[in-house]
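[1] A structural model of the following input is requested.
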Amino acid sequence: MEKGGIPVATASYAHRRSDESMIKATGRILVVDDDPAFRKLLETILRREGYDIVIAPDGVAALEASARHRVDLVLLDVEMPRMSGFEVCRHLKKDPETRLTPVVLVTGLSATDDRILGLEAGADDFLSKPVDRNELLARVRSLINLKAYTDELERAESVLFALAKSIEGKDPSTEGHCERLSNYSSELGQRIGLSDDQIIALRWGGIVHDIGKVSVPESILLKPGPLSASEWEVMRKHPTVGEKICAPLRSFRQVLPIIRHHHERCDGTGYPDGLRGEEIPLVARVLQLADVFDALVTDRPYKQGMSAEKALIIMEQEVHKGWWDAHLFNDFRAMIRDKMRKI
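    All right, here's what the predicted structure looks like:
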């Protein structure tokens, strides 16, 4: 059947397209290609959809543009002067500021080896030249939506980091403690050959390990003298509270064992679970050493900070008591002494 001389299906499609055209897309896209005509073609198609477009004529200019503009997607030619698309992609994926930005390699190359090179460089998708308009827009929409989702995650992570910092800020004597733990523990992780994901978990764990203290009243948190038994009962809950706060974020899944278990001891006398030895996750054992060391060498209301060497002697005594991982402590002590020699 026809309606007004137009097939019904076509009329319905035309009406749907009219509705869609009223909803403008959002997002900023970096278009990188050394062919001015092709750049203009992509720019025209994408601007009509409502996207904000940044242009770069080669790889070096692309990196400069990505540093100046926060983009949501990069459409990247492979064969360019000065720097290939593969190289640009590797740079973007290594930079913490741009590693989650989707990169689509747009290329006339079709060989499997070239696609493998692109995947190894970190590319998220591929488009072949000549580009099909519908395929281009479908992939752009999909990846822009993915970037919006990861941005939401980053915002949630930022809220948790800010919360952790605010807790640290309540006690002037612990200023900088989280940052130092983050640095000590990630450096030790690198020294013993942990994976990149584990090192990131240690870096984040150093910041948020005590986030559960948000549930501890300031009268307990800032008490200058010893805690009573009931006050200790409240304090000992902060690792499990912190774990619950961070658990909804999947990006924190490798940080959760640090939050929950950083107060365990290898002899089973720690909390909250009384784990022993290697039952305690390795990343938690790493952060424990950084935590204890920093507590010993920094001033607190109830004591003066001691020298690094004296702190290491006390920690060695605690290792003999069975509190800390002996092998990890040897690596930690060597790391601290290396630092002391460089001062």
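[2] quick check on Asp95: phi, psi?
    In terms of degrees, to the nearest 10, the main-chain angles of Asp95 are phi -80, psi 120.
[3] and the strands in the stretch 1-150 of the chain?
    With strands called from DSSP state E, counting those that start in this stretch, the stretch 1-150 of the chain shows them at 2-3, 6-7, 28-32, 52-56, 73-77, 103-107, 125-128.
[4] highest mean neighbour count out of the ones you listed?
    Most buried of the strands of the stretch 1-150 of the chain, by mean neighbour count (mean count of other C-beta atoms under 10 Å): strand 73-77, with a mean of 27. To be clear about C-beta, it is placed using only N, CA and C from the backbone, and glycine gets the same treatment.
[5] the strands of the stretch 1-150 of the chain into CSV, with extra columns for mean pLDDT and distance to Leu92?
    Listed next are these as CSV, based on pLDDT from 0 to 100; distance: least, C-beta to C-beta, whole Å:
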stretch, mean pLDDT, distance to Leu92
strand 2-3, 35, 50
strand 6-7, 32, 46
strand 28-32, 95, 10
strand 52-56, 95, 12
strand 73-77, 94, 7
strand 103-107, 90, 6
strand 125-128, 88, 14
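[6] quick one: closest of those strands to Arg180.
    strand 103-107 (35.0 Å; C-beta to C-beta).
[7] just checking, Lys223 touches Glu231?
    Yes: under the criterion of C-beta atoms under 8 Å, Lys223 makes contact with Glu231 at 7.1 Å.
[8] domain-wise, how is the chain divided?
    Using automatic domain parsing, the domains assigned to the chain come out as 2-150, 170-342.
[9] pick out the shakiest of those domains, pLDDT-wise.
    For the domains of the chain, mean pLDDT drops lowest on domain 2-150, to a mean of 82.
[10] could you dump the strands of the stretch 1-150 of the chain into TSV and include distance to Trp323?
    Below are the strands of the stretch 1-150 of the chain laid out as TSV (distance: least, C-beta to C-beta, whole Å):
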stretch	distance to Trp323
strand 2-3	81
strand 6-7	79
strand 28-32	52
strand 52-56	55
strand 73-77	49
strand 103-107	47
strand 125-128	50
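[11] for His263, find the nearest of those.
    Nearest of those (C-beta to C-beta): strand 103-107, 41.6 Å.
[12] can you list contacts of that closest one?
    The contact list for strand 103-107, computed with C-beta atoms under 8 Å, 6 or more residues apart in numbering, reads 33, 42, 73-79, 85-86, 89, 92-93, 114, 118, 122-129, 131, 139-140, 143.
[13] repeat that with 7 Å
    73-78, 85, 89, 92, 118, 122-129, 131, 139, 143 (C-beta atoms under 7 Å, 6 or more residues apart in numbering).
[14] likewise stretch 234-241?
    210, 212-213, 215-216, 220, 227, 259-260, 262-263, 271-272.
[15] distance between the ends of it?
    11 Å (C-alpha to C-alpha, to the nearest Å).
[16] check stretch 287-307 too.
    Per C-alpha to C-alpha, stretch 287-307 runs 20 Å from first to last residue.
[17] buried stuff in the biggest helix by length in the chain?
    Assignment by DSSP state H gives helix 133-169 as the longest helix of the chain. Buried residues in helix 133-169, counted by 16 or more other C-beta atoms under 10 Å: Leu136, Leu137, Arg139, Val140, Leu143, Ile144, Lys147, Glu157, Leu160, Ala164, Ile167, Glu168.
[18] for the third one, what are its contacts?
    Neighbour list for Arg139: Val104, Asp125, Leu127 [criterion: C-beta under 7 Å, 6+ apart].
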